[in-house]
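*Asks:* Quick one, structure for this:
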Amino acid sequence: MLKDKWFHTRDPETRHLDYQGRVLDYLPPRLVLVQLFSWIDGRATAQKLLEVTDDWDFYETSEVMNGAYEAETGRVDLSRVAVIHMDES
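*Replies:* Here you go, the predicted structure:
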């Protein structure tokens, strides 16, 4: 079942990551209503109706999706990093 799964889509030619989001609803046989999220700050951006292809990677949680992004790109999602300030004493 695809509903509530997290995902990345890939450009079919370059294989680079394209969209990231969460499946809100599944409309058989291949359509999904999705919530997309910003690559910059992780905030919800738009909802779209998309066709699922072989260029999608699905994840059980947003944490697993974010981990896959970090492993593939070597970039850390800064919206998930806590900043610790050290006192200058």
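*Asks:* Quick check: longest strand in the protein by residues?
*Replies:* For the chain, the longest strand by residue count, based on DSSP state E, is strand 17-27.
*Asks:* which of the residues in it are buried?
*Replies:* By neighbour count on 16 or more other CB atoms under 10 Å, the buried set for strand 17-27 is 17, 19-23, 26. Where C-beta positions appear, they are placed from N, C-alpha and C, glycine not excepted.
*Asks:* Farthest pair within these?
*Replies:* Leu17 and Tyr26 (21.8 Å; CB to CB).
*Asks:* got a list of what the most centrally placed residue in the chain touches?
*Replies:* In the chain, the centroid-proximal residue (CA atoms, centre = their mean) is Gln20; its distance is 2.8 Å. Shown in contact with Gln20 (CB atoms under 8 Å, 6 or more residues apart in numbering): 6-9, 36-37, 39, 65, 69.
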